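Visitor: Model the structure of this input:
(one chain, ligands or ions: 2)
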Amino acid sequence: MAIMTRNFNSVDMSDPKAAALAVKRAALEMGADVVGIGNIERWANAPLQMDPKQIMPECKSIIGMVFRVERGSLRGVEEGTFFSNYSAMGYGGLTYIYMPMTVINLSKFIEDQGYEAIPMGHQSDWRAIDTYGKLKPNYSRPVRPGQACPDIMVHLRIAAYLCGLGEIGFSKMFLSPQFGPRCRVGIVLTDVELEPDPIYDGPQLCNRCMACIKACPGQCFDPENTVKVNLAGHEVEWAKIDENKCNIAFRGAEHSGKEQADPYMPESDLVPGEWSPFYHKPKNLYNTGQAVCGSRGCTRACMISLESRGVLQNNFKQKFRRRPVWSVDWEKPYSPEKSGEEEKFYVD
Ligand code: SF4
Ligand code: SF4
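Guide: Ligands and ions are numbered 1, 2, ... in the order given. Coordinates of the predicted model:
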């Protein structure tokens, strides 16, 4: 018996419409929940450090894919009993295992037909710019005059918007009409010409209800201060978010203002906030999974709001929030040994 291999050049990609259909079918079969396409011209005004053409100058199309975060993976943090599932399955694992598998497989499908494809299903951990878009000092330098500093960061939420997959909400979260903010985005850059999808113009998703802003445990948003951008001729606006505040709050911490002998995170004045039940920040899961806040404002509150308005396609038989929001009173002592409750917690 002879060796077996993949079928090369089996799909005619010369017609952009037929090629787009083939690529979309493949993306869904490979695990994407939604797929859309943007032509590279939509990135014409991208800043140098976020310009996909800096990575692939011959890029013609960007394929955007939405991957849902299962609503169930937020259940444990909503109930306050099982926090690791969202950080593992809905965050780190999705970003570093599931999305890479899909975008790699889709890229292989495209390369089988003789076109180059760059799979991008991860965060830009090596990027040259910080969360405020400024170049990190002494980090990297351009390898040729006029080029960007490595690494480029293609803005995934903006890419999803430019691929026609949904809106960017007031929270700066990408909102898909299927899942709202309960999703992540992967993309593939390719030099094959694919028929683009129109920019999303469906039912309005974000109605400025401000639920995200009110429920954010770190009070990270400044709704009076907004960012306005023009994306492929469309004005998009979101509230300014203090990324440094989020960086602390999403891990379950808050500043106490004084050095702690046994801080929540090493060498700091950080203590657990009322939205964390942990004495110390638990270890990261799948590289980046440490979302102790369970995206209380920007995902859960927003999702509840969108679901209650009936604007999402992935709707459920039961509402998400079924019990009052919990909070931890860190002033109050807790010792299961003394209260005799210890044996209730486990079996040998
Ligand atoms: S919670 Fe309301 S204001 Fe915030 S992004 Fe969602 S829909 Fe928009
Ligand atoms: S991740 Fe948490 S702390 Fe950060 S903006 Fe969202 S709700 Fe606020």
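Visitor: from here on, contacts and neighbour counts on C-alpha atoms
Guide: OK.
Visitor: Go ahead and confirm S107 touches I118.
Guide: Yes. Using Cα atoms under 8 Å, S107 is in contact with I118, at 6.4 Å.
Visitor: Who are the contact partners of C216?
Guide: C216 makes contact with S295, R296, G297, C298, according to Cα atoms under 8 Å, 6 or more residues apart in numbering.
Visitor: quick one: pLDDT of it?
Guide: Looking at C216, its pLDDT is 98.
Visitor: Check S339 too.
Guide: For S339, pLDDT reads 63.
Visitor: Give me the nearest residue to P100, chain neighbours excluded.
Guide: G121 (4.6 Å; Cα to Cα, 6 or more residues apart in numbering).
Visitor: For the stretch 201-348 of the chain, list the residues in contact with ligand 1, please.
Guide: By Cα under 6 Å from any ligand atom, the part of the stretch 201-348 of the chain that sits against ligand 1 consists of C206, N207, R208, C209, M210, A211, C212, C302.
Visitor: Among those, name the buried ones.
Guide: C206, M210, A211, C212, C302 (16 or more other Cα atoms under 10 Å).
Visitor: Can you tell me which of these lies closest to ligand 2?
Guide: Comparing these against ligand 2 with Cα to the nearest ligand atom picks out C212 as the nearest, at 7.0 Å.
Visitor: mind checking the end-to-end distance for stretch 211-222?
Guide: End-to-end span of stretch 211-222 (Cα to Cα, to the nearest Å): 13 Å.
Visitor: That one vs ligand 2: in contact?
Guide: Yes. Using Cα under 6 Å from any ligand atom, stretch 211-222 reaches ligand 2 at C216, P217, G218, C220.
Visitor: with those in mind, which one is nearest to ligand 1?
Guide: Distance to ligand 1 across the residues of stretch 211-222 next to ligand 2 (Cα to the nearest ligand atom) is lowest for C216, with 10.0 Å.
Visitor: overlap in contacts of S107 and I118?
Guide: Joint contacts of S107 and I118 (Cα under 8 Å, 6+ apart) are V188.
Visitor: My guess is E111 contacts A117. True?
Guide: Yes. Contact criterion Cα under 8 Å: E111 and A117 qualify, at 6.2 Å.
Visitor: Who has more neighbours out of the two?
Guide: A117 (25 against 17; other Cα atoms under 10 Å).
Visitor: before we move on, back to that, so which of the residues of the stretch 201-348 of the chain next to ligand 1 are in helices?
Guide: A211, C212, C302 (DSSP state H).
Visitor: thinking again about what came up before, got a markdown table for the buried ones among the residues of the stretch 201-348 of the chain next to ligand 1, with distance to F278 too?
Guide: Below are those laid out as a markdown table (distance: Cα to Cα, whole Å):
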| residue | distance to F278 |
| --- | --- |
| C206 | 33 |
| M210 | 28 |
| A211 | 25 |
| C212 | 23 |
| C302 | 25 |
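Visitor: quick one: the helices in the stretch 51-200 of the chain?
Guide: Listed in chain order, the helices of the stretch 51-200 of the chain (DSSP state H, counting those that start in this stretch) span 75-79, 84-85, 93, 99-112, 156-162.
Visitor: Quick one, which of those helices gets closest to K283.
Guide: K283 sits nearest to helix 84-85 of all the helices of the stretch 51-200 of the chain, at 9.7 Å, using Cα to Cα.
Visitor: Outside of stretch 307-317 itself, which residues are in contact with it?
Guide: Contacts of stretch 307-317 (Cα under 8 Å, 6+ apart): P177, Q178, F179, G180, P203, Q204, L205, L306, K319.
Visitor: Weed out the non-buried ones from those residues.
Guide: So, by 16+ other Cα under 10 Å, the buried ones in those are P177, Q178, F179, G180, L205, L306.
Visitor: Might one say that Y264 is in contact with V271?
Guide: Yes. At 4.9 Å, Y264 counts as touching V271 under the criterion of Cα under 8 Å.
Visitor: so where do the helices sit in the stretch 201-348 of the chain?
Guide: Remark: helices assigned in the stretch 201-348 of the chain by DSSP H, counting those that start in this stretch are 211-215, 243-249, 302-309, 336-339.
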